[in-house]
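[1] predicted model and sequence below, questions to follow.
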Amino acid sequence: MKYMLLMQFSATGTDFPGIDTWTQDEVRAHVAFMGEVNEKLAADGEWVDAQGLGGPQQARIVRAGEGGAPVVTEGPFAETKEFLAGFWIVDVESPQRAVELAAHISTAPGPGGRPLNMPIEVHPVMSAPSQEL
C-alpha cells in the first residue's frame, strides 16, 4: 500500500524557532537525519519518492479565471499558519507501518538536537479506478 507522509510546520503551536534561525550545525544535523530516513526507506524497499518544498513565500495559489486563464495569488499568505515543508511517498505492507515511519520522521532533530515532534500527516495514495468504469 502506498502512503503519502506530509511534513508540516506551523508558526503556532511549536516550541522551536524557524529553521532560518538555527545554527549551521543544527541545520546539517536535521538534513542528515532526513537523508538517513531516505536511505533506510530505500534499503528496506519502502521508498518511492521524497522531496523538500520551498517555503510559503515561494508558494502560489492558482485558480481558473475567465475562460480558464490562470489567476495566480502569490505568497506569503497572511491567513496561513501552517505550511507543507516536504513529503515522502512510501510503499509499505500496512497502515501501521506508515504510522511508524511518520512517528520516526517526527523525531527529526531541531535546535540543540532536540526532537521537533512535528506533525506528519499520513494519507493513503488512492489507486486508479478499474478500466471498466
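    Yes, it's here. Numbers count the residues shown, from 1 in each chain.
[2] please count neighbours and contacts with C-alpha atoms only from this point.
    Will do.
[3] residue contacts, Met7?
    84-87, 118-121 (Cα atoms under 8 Å, 6 or more residues apart in numbering).
[4] now for those residues: which two are most distant?
    Maximum pairwise distance among the contacts of Met7 (Cα to Cα): 12.9 Å, between Phe87 and Met118.
[5] list buried residues within the contacts of Met7.
    84-87, 118-120 (16 or more other Cα atoms under 10 Å).
[6] present those residues as CSV; the columns should include distance to Glu100 and secondary structure.
    Below are these laid out as CSV (distance: Cα to Cα, whole Å; DSSP: H, G, I helix; E, B strand; the rest coil):
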residue, distance to Glu100, secondary structure
Leu84, 20, strand
Ala85, 20, strand
Gly86, 18, strand
Phe87, 15, strand
Met118, 14, coil
Pro119, 13, coil
Ile120, 11, strand
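[7] quick check, nearest of those to Ala98?
    Using Cα to Cα, Ile120 is the member of the buried ones among the contacts of Met7 that sits closest to Ala98, with 10.5 Å.
[8] secondary structure class for Val72?
    Classification of Val72 by DSSP: H, G, I helix; E, B strand; the rest coil places it in strand.
[9] nearest residue to Gly55 other than its sequence neighbours?
    Excluding the flanking residues, the one nearest Gly55 by Cα to Cα, 6 or more residues apart in numbering is Ala85, at 6.8 Å.
[10] now that neighbour: how far from Pro109?
    From Ala85 across to Pro109, the span is 15 Å (Cα to Cα, to the nearest Å).
[11] what's the spacing between Lys40 and Leu101?
    On the measure of Cα to Cα, Lys40 and Leu101 end up 11 Å apart.
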